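S.K.: Provide a 3D model corresponding to the input given below.
(one chain, ligands or ions: 1)
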Amino acid sequence: MGKMARSTTRGAGRLIRGDLSGIEPYEPIVPLEVLSERCGVPVEKLIKLDGNENPYGCSPRVRRALAEYAFYHIYPDPLHREIMGPLEKYVGVGREHIVAGSGSDELIDLTLRLFLEPGDKVINCVPTFGMYPFSTAVCGGKTVTVPRSDAYEVDIAGVKSAIDERTKVIFIASPNNPSGNATSQSDLLKLVDTGVVVVVDEAYYEFCGKTVAPLVPRYSNLIVLRSFSKWAGLGGLRAGYGIFSVNIAELIRRIKSPYNVNAAAMVAVKESLADTDYLQCKVNAIIAERERLFEKLRKQGVLVPLPSQANFILCRVAKGNARKIKQGLDSKGIFVRYFDTPLLRDTLRISVGKPEHTDALIEALA
Ligand SMILES: Cc1ncc(COP(=O)(O)O)c(C=O)c1O
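M.R.: Modelled structure (predicted):
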């Protein structure tokens, strides 16, 4: 870079939004190649249980359709018309309520962009998914933290008493990441009754089966977000959707960037929705494996697993400390997620893999 360009860049620093200069970055997953280099285990032998990804990958129909697709040079449809028919059938709610996005992450951001003015508040029930406070900060909002109970239940009374005239949005992940427990419909409706926008993040819906999506047409302040990353194995392609009241859906469509779902993701969503029997088999296998992993961990007694309705299990440590256990697993090419925050002291979150991944993990823990 030339001298002039450098000084211009430095000068522009004064113009950056003050509230963003100290923003904490979102802690993303580490790519396979980097993990492989760190532990000296080849990529294909790694056991990656740190990102709640689907160990079976996507549907074979997706791979075939992507190889054959002929229109990568054409911009994708901003209204996602090709996937709206299958999507409304899958969700059971009309397409006028649905907007697709580049992962549900994009819908979190778009929702906050629509509702937040600088200084508006967003209620976050910790411990939970890190994108909520991150996107709130990017959108100029303030995060108000309401801790969950010891069993990670949402503190409904606590949330209600945290609401004031600047509160615009409440985020509830159900099932919650990383605790794996779901919030009951009656508790969610108590929050909807406050009139604040309630975003129910159902990224793990398919592993749990409980949804409030059919209630969206009845409550204009209820929003449901879903993802194709987990059940359909499309994390790398970025596809999700939101279910909104008709007016909000219309505004989200207006403020999103036009080509927010790329052509490959659109093909993948279409093929996934045409292959739900196959994908449901894999979801069933993951649910069965979740229960087997839970029992094995419980019997082994090194970790204390929490019951989960998602595709991961949060574990406290019975013997030793979690950081050391994680380091030991890392060195064997088995990657799990480590947390050490006030509400998640020295804990591990283990994504459910294939049976052979469970066996390797249990052996390594022994
Ligand atoms: C609760 C929750 N919501 C949303 C997401 C993001 O999903 P997507 O890949 O569709 O952006 C995740 C990913 O881990 C998650 O745990």
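
S.K.: Rounded mean pLDDT for whichever strand or helix holds I350, please.
M.R.: Here I350, judged by DSSP states H and E, is contained in strand 344-351. What strand 344-351 shows for mean pLDDT is 96.

S.K.: so how far is that strand from its chain's centroid?
M.R.: 16 Å (C-alpha atoms, centre = their mean, to the nearest Å).

S.K.: which residues sit against it?
M.R.: Residues from elsewhere that reach strand 344-351 (C-beta atoms under 8 Å, 6 or more residues apart in numbering): 48-53, 55, 127, 178, 293, 297, 303, 311-317, 321-323, 325-326, 336-340, 361. For the C-beta atoms, the positions are set from N, CA and C on the backbone; glycine is no exception.

S.K.: Which helix or strand lies directly C-terminal to it?
M.R.: helix 355-365.

S.K.: Among the contacts of strand 344-351, filter down to the buried ones and hand me the PyMOL syntax, if you would.
M.R.: Filtering the contacts of strand 344-351 down to the buried ones (16 or more other C-beta atoms under 10 Å) takes a single PyMOL command:
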select buried, resi 48+49+50+51+52+53+55+127+178+293+297+303+311+312+313+314+315+317+322+325+326+336+337+338+339+361
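
S.K.: Please narrow the contacts of strand 344-351 to those residing in helices.
M.R.: The helices, defined by DSSP state H, take in 293, 297, 322-323, 325-326, 361 from the contacts of strand 344-351.

S.K.: in those residues, which two residues are the furthest apart from each other?
M.R.: L293 and R323 (21.1 Å; C-beta to C-beta).

S.K.: measure stretch 231-249 end to end?
M.R.: 24 Å (C-alpha to C-alpha, to the nearest Å).

S.K.: Now it: buried residues?
M.R.: Neighbour-count burial for stretch 231-249, counted by 16+ other C-beta under 10 Å, picks out 231-235, 237-245, 248-249.

S.K.: On the three-state scheme, V159 is what?
M.R.: Secondary structure, DSSP: H, G, I helix; E, B strand; the rest coil: V159 is helix.

S.K.: Identify the residues contacting the nearest residue to it once chain neighbours are set aside.
M.R.: In space, and not counting its chain neighbours, V159 is closest to V146: 5.1 Å by C-beta to C-beta, 6 or more residues apart in numbering. V146 makes contact with 123-126, 154-155, 158-159, 162, according to C-beta under 8 Å, 6+ apart.

S.K.: wait, which of those residues is closest to I29?
M.R.: Checking the contacts of V146 one by one against I29 (C-beta to C-beta), the nearest turns out to be V126, at 20.1 Å.

S.K.: correct me, but the closest one touches S179?
M.R.: No: the criterion here is C-beta atoms under 8 Å, and V126 misses it with S179 at 10.2 Å.

S.K.: Tell me the residues that contact both of those two, please.
M.R.: With C-beta under 8 Å, 6+ apart, V126 and S179 have common neighbours R148.

S.K.: Tell me which of those two has more neighbours.
M.R.: Per other C-beta atoms under 10 Å, whichever of V126 and S179 has more neighbours is S179, with 26 against 19.

S.K.: Which parts of this protein are strands?
M.R.: Remark: strands assigned in the chain by DSSP state E are 47-49, 98-101, 121-124, 142-145, 167-173, 197-201, 222-227, 240-243, 303-305, 312-317, 334-341, 344-351.

S.K.: Now render the ones you listed as a markdown table, adding distance to C39.
M.R.: What follows is the strands of the chain, written out as a markdown table (distance: least, C-beta to C-beta, whole Å):
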| stretch | distance to C39 |
| --- | --- |
| strand 47-49 | 10 |
| strand 98-101 | 34 |
| strand 121-124 | 34 |
| strand 142-145 | 35 |
| strand 167-173 | 30 |
| strand 197-201 | 32 |
| strand 222-227 | 28 |
| strand 240-243 | 31 |
| strand 303-305 | 20 |
| strand 312-317 | 21 |
| strand 334-341 | 8 |
| strand 344-351 | 17 |
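
S.K.: Serialize those strands to a markdown table and add fields for distance to the ligand.
M.R.: Shown next, in a markdown table, are the strands of the chain (distance: least, C-beta to the nearest ligand atom, whole Å):
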| stretch | distance to the ligand |
| --- | --- |
| strand 47-49 | 13 |
| strand 98-101 | 8 |
| strand 121-124 | 12 |
| strand 142-145 | 16 |
| strand 167-173 | 4 |
| strand 197-201 | 5 |
| strand 222-227 | 3 |
| strand 240-243 | 4 |
| strand 303-305 | 18 |
| strand 312-317 | 9 |
| strand 334-341 | 10 |
| strand 344-351 | 10 |
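
S.K.: Cool, thanks, talk later.
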